[in-house]
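**Student:** Have a look at this fold, sequence not included:
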């Protein structure tokens, strides 16, 4: 059980540098970040500010040069690749701008993929009926009950993103990390995806970190964290200053 005083996700001193040609590019320069259980946080910043890099590090898709990441009070950034893979498959759900659905699989099979990876052959034969029921229930919840056997090429952008969200949730993760999930969608379709994320946060208590460059999208969250030049920018935005002047 998570202590109410302990963040679900705790990032400290995160640094990450990439090689660029013959030089280096320092993307993160000592980032501290906390996510409380049940919180919905947006991370915003201009292109190159490090927001996607930070999300990928929290999702254990990459390894930092320095700093630490704790999940539920346990440090996870130093785990072996195999243990990071297992943790992503059980505790961390991820949604990307480009969906990353497998084109040869239908919607139901795409959602089931993480559970198939988790189980061995014989264990999967025992677990598959319950897993299919769980996946169908998620797709029904997202209005895709009639699209279970459709391949990605037969789905709209909004439908593909909802399949991707269902796939991220089928493992019952502790936290959902979403990297520009509305970036490829029109305003109306993107609004529907954001509504879905908000409902998951409010109704299910799902902890969410959403990366976006769009301030309108960011305002859907409970809290906004700004990155600038690889650091958390504590300076108030113009919108914050305007709100304070109005309140005063």
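**Tutor:** Yep, it's here. In this text, all values refer to a predicted model and were calculated from it rather than measured experimentally.
**Student:** how much space between residue 129 and residue 135?
**Tutor:** Per CB to CB, to the nearest Å, residue 129 is found 11 Å from residue 135. In short, each C-beta sits where N, CA and C put it, glycine included.
**Student:** Between those two, which has more neighbouring residues?
**Tutor:** Relative neighbour count places residue 135 above the other of residue 129 and residue 135, with 25 against 9, counting by other CB atoms under 10 Å.
**Student:** what's near enough to touch the more buried one?
**Tutor:** If a contact means CB atoms under 8 Å, 6 or more residues apart in numbering, then residue 135 has 108, 111, 112, 115, 166, 170 as its contacts.
**Student:** Please give the element, helix or strand, for it.
**Tutor:** Counting by DSSP states H and E, the element that carries residue 135 is helix 121-141.
**Student:** so after that helix, what's the next helix or strand?
**Tutor:** Past helix 121-141, heading to the C-terminal end, the next element that is a helix or strand (DSSP H and E) is helix 157-169.
**Student:** Give me the distance between the very next helix or strand once past that next one and the centre of its chain.
**Tutor:** Sequence-wise, the next helix or strand downstream of helix 157-169 (DSSP H and E) is strand 175-179. In terms of CA atoms, centre = their mean, to the nearest Å, the gap separating the centre of strand 175-179 from the centre of its chain is 1 Å.
**Student:** Just the angle for strand 175-179 relative to helix 157-169, thanks.
**Tutor:** Here the directions of strand 175-179 and helix 157-169 differ by 150 degrees (axes from the mean of the first three to the mean of the last three CA atoms, to 10 degrees).
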